[in-house]
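Chemist: Need coordinates for the following:
(one chain, ligands or ions: 2)
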Amino acid sequence: MTTFKTLDDLEAGQQLLVRIDINAPVEDGVVQDNRRFARHAETLAELLEDDHAIAVLAHQGRPGRDTFVSLEQHADILADHLDRDVDFVADTFGDDALAAIDDLESGDVLVLENARMCDEELPEEDPEVKAETDFVQTLAPEFDAYVNDAYSAAHRSHASLVGFPLVMDAYAGRVMEAEYTANSAIQEREFDGPVTMVLGGTKAEDLIPVIERVDDTVDRFCLGGIVGELFLRADGYDLGYDVEGTEFFDHQWADHRETIERVLEEYGDRLHLASDLAYEDDDGERAEEAVADIEKETSYLDVGSDTADEYADLVRESDAVFVKGALGVFEDERFADGTVDVLSAIAETDCFSVIGGGDTSRSIELYGLEEDDFGHVSVAGGAYVRALTGEGLVGVDVLQREA
Ligand SMILES: Nc1ncnc2c1ncn2[C@@H]1O[C@H](COP(=O)(O)OP(=O)(O)OP(=O)(O)O)[C@@H](O)[C@H]1O
Ligand SMILES: O=C(O)[C@H](O)COP(=O)(O)O
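Modeler: Residues are numbered from 1 along each chain as shown. Ligands and ions are numbered 1, 2, ... in the order given. From the prediction side, this is the model:
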């Protein structure tokens, strides 16, 4: 099944460019540790044992969002996980970056600045186009090989993910290998009882195509988070108001309204939407309201308790449950109930389960749930649900193609 080269094929003592995905939550400007750091640190530790010199390439946030910040704090978090110094240079492929790369010695780790701060990184273009960018053409000659460990970003055709394998010797890192193996195996499984997909979080644009493509294998969908509210809006309810400083609703509504309305119509009873939602009242407390009674323009931050009970019951009847995205803003304890109640119901049953999402998978340790109670906890979100549809991931495809 795995046709890419792995670290088992890599000669020791080389200068490596290693793409990882440490895209993380940022709270008040402070980058939050999540399980992506721990998993990638294991790959880096293995490479260091083999005397490689490493420059790390990664991204954080998207331009225009308040999570779009430098990777300086990420270098410190990685240093904690690795228990050694990790350098950072505030440059990705300019003179400062090249000078820092020149100084690398065996056993060094250097984090380059957020790849998405380079103009050539983001526009989705073919790998062949990305391989010709100055970004790729400048960095590639500085290294003996490229390692892609960023399975969770492998659905994006961005320069740092798809350009390098076309011009350099390229290998899959351990996280890439493990996630690819686990997620590909899920596609092959067959389940006797109902299969439920719990979809939430902020990235409706990633999830809507998934609903359509897993049509044959998933029996019902439980929606929450921003995604759920967009479907409720399509169902005629006046909701979907951003918290100050965020922009989740309007552009996704403008871009996907027709599809959301069509999916809602076609899927009917198979799509479960929240019947109640939670918000912050004037005293700063959690309050709940039935969706049918909603009149005020406020930001809803979690599904309500009736909805959480209904979703937990559906989970208990299921043979398999796939989760991507949180049902509410679980980082705030007042709005964690929906996510935690549903995850707890999954943990208590013996259904096969996968919990995915860089942010969402963090709720497991935040609320004292045990990773062992789930079939697979993926640090990938969009990439894992896409893999469930059987669709290839461009970042994996190029590694396989060049192997
Ligand atoms: N109603 C809501 N309003 C605002 N944010 C919400 C709401 N519901 C959930 N969220 C946020 O969704 C985030 C998780 O979903 P997100 O779409 O970022 O996916 P993810 O799990 O990190 O997957 P990926 O790896 O694809 O990024 C959480 O950080 C949570 O705070
Ligand atoms: O967090 C993720 O899912 C990956 O890092 C990809 O990030 P993106 O959705 O901003 O492209």
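Chemist: Would you quantify the distance from the residue of the chain found nearest ligand 2 to Lys324?
Modeler: Among the residues of the chain, Asn23 lies nearest to ligand 2; the distance is 3.4 Å by C-beta to the nearest ligand atom. For the C-beta atoms, the positions are set from N, CA and C on the backbone; glycine is no exception. Going from Asn23 to Lys324 by C-beta to C-beta, to the nearest Å gives 15 Å.
Chemist: neighbour-wise, which of those two wins?
Modeler: Shown here are Asn23 and Lys324; by other C-beta atoms under 10 Å, Lys324 has more neighbours (29 against 25).
Chemist: any idea of the mean pLDDT in stretch 209-229?
Modeler: Throughout stretch 209-229, pLDDT has a mean value of 93.
Chemist: contacting residues for the residue of the stretch 101-250 of the chain found nearest ligand 1?
Modeler: With C-beta to the nearest ligand atom as the measure, the residue in the stretch 101-250 of the chain that lies nearest ligand 1 is Gly201; the distance is 2.4 Å. When the contact criterion is C-beta atoms under 8 Å, 6 or more residues apart in numbering, the partners of Gly201 are Leu207, Gly225, Ile226, Val227, Lys324, Gly325, Ala326, Gly357, Asp359, Thr360, Gly381.
Chemist: among those, who's most crowded?
Modeler: Compared across the contacts of Gly201, Gly225 has the highest neighbour count, 31 neighbours, by other C-beta under 10 Å.
Chemist: Among the contacts of Gly201, name the ones that also lie close to ligand 1.
Modeler: With respect to ligand 1, and counting by C-beta under 6 Å from any ligand atom, the subset of these in contact is Gly225, Ile226, Gly325, Ala326, Gly357, Asp359, Thr360, Gly381.
Chemist: Touching the host helix or strand of Ala182 from outside, list them.
Modeler: Element membership of Ala182 [criterion: DSSP states H and E] is helix 174-188. Residues outside helix 174-188 that contact it (C-beta under 8 Å, 6+ apart): 1-2, 4, 6-7, 20, 39-40, 42-43, 46, 148-152, 154, 172, 354, 376, 378-380, 383-384, 387-388, 390, 396, 399.
Chemist: does any part of it sit near ligand 2?
Modeler: No - interface with ligand 2: helix 174-188 contributes nothing (C-beta under 6 Å from any ligand atom), its closest point being 12.0 Å away.
Chemist: Just checking that helix against ligand 1, any contact.
Modeler: No - figure legend: helix 174-188 not in contact with ligand 1 (C-beta under 6 Å from any ligand atom); closest approach 11.4 Å.
Chemist: Can you list the buried residues in that helix?
Modeler: Of the residues in helix 174-188, those with enough neighbours to count as buried (16 or more other C-beta atoms under 10 Å) are Arg174, Val175, Met176, Glu177, Ala178, Glu179, Tyr180, Ala182, Asn183, Ile186.
Chemist: Now do the helices in the stretch 51-200 of the chain.
Modeler: Counting by DSSP state H, counting those that start in this stretch, the segments of the stretch 51-200 of the chain that form helices are 72-82, 95-102, 127-131, 134-139, 174-188.
Chemist: Can I get the third one as PDB, trimmed to CA atoms?
Modeler: Looking back up the chat, that one is helix 127-131. The C-alpha trace of helix 127-131 is given here as PDB (Å, rounded to 0.1, in the frame of the first residue of the first chain):
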ATOM      1  CA  PRO A 127       2.900  20.600  -8.200                       C
ATOM      2  CA  GLU A 128       4.800  21.300 -11.400                       C
ATOM      3  CA  VAL A 129       4.100  25.100 -11.100                       C
ATOM      4  CA  LYS A 130       5.000  25.000  -7.400                       C
ATOM      5  CA  ALA A 131       8.300  23.300  -8.200                       C
END
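Chemist: Okay, buried residues for it please.
Modeler: Within helix 127-131, the residues that qualify as buried are Pro127, Lys130, Ala131, counting by 16+ other C-beta under 10 Å.
Chemist: returning to what we had before: buried only: go through the contacts of helix 174-188 for me.
Modeler: Buried members of those, scored by 16+ other C-beta under 10 Å, are 4, 6-7, 20, 39-40, 42-43, 148-152, 154, 172, 354, 376, 378-380, 383-384, 387-388, 396, 399.
Chemist: Show me the contact partners of the lengthiest helix in the chain.
Modeler: Taking DSSP state H as the criterion, the chain has its longest helix at helix 249-267. Among residues not part of helix 249-267, those counted as contacts by C-beta under 8 Å, 6+ apart are 204-205, 208, 211-212, 221, 226, 229-231, 233-235, 240-242, 271.
Chemist: do the same with stretch 212-223
Modeler: With C-beta under 8 Å, 6+ apart as the test, stretch 212-223 has contacts from 194-200, 211, 231, 263, 267, 270-274, 311, 314-315, 322, 342, 388-391.
Chemist: related to what we said a few turns ago, okay, and which of the ones next to ligand 1 among the contacts of Gly201 map to helices?
Modeler: Those of the ones next to ligand 1 among the contacts of Gly201 mapping onto helices are Gly225, Ile226, per DSSP H.
Chemist: Between the ones next to ligand 1 among the contacts of Gly201, which sits nearest Asn114?
Modeler: Here the nearest of those to Asn114, counting by C-beta to C-beta, is Asp359; it sits at 17.6 Å.
Chemist: Quick check: can you list the domain ranges of the chain?
Modeler: 7-179+393-400, 189-369 (the TED database).
Chemist: which bits of the stretch 1-150 of the chain sit near ligand 2?
Modeler: Asp21, Asn23, Arg62.
Chemist: Would you mind measuring from the nearest residue in space to the last one that is not next to it in sequence to ligand 1?
Modeler: So the one you mean is Arg62. In space, not counting the residues next to it along the chain, Arg62 is nearest to Phe68; the distance is 5.9 Å by C-beta to C-beta, 6 or more residues apart in numbering. Phe68 is 14 Å from ligand 1, where distance means C-beta to the nearest ligand atom, to the nearest Å.
Chemist: what residues are up against Glu105?
Modeler: Ala53.
Chemist: For the remainder of this discussion, apply numbering that starts at 20.
Modeler: With the count now opening at 20, the last piece we talked about shows up as Glu124.
Chemist: What backbone torsions are found at it?
Modeler: The phi/psi pair for Glu124 (degrees, to the nearest 10) reads phi -120, psi 160.
Chemist: Right, I'll call it a day here.
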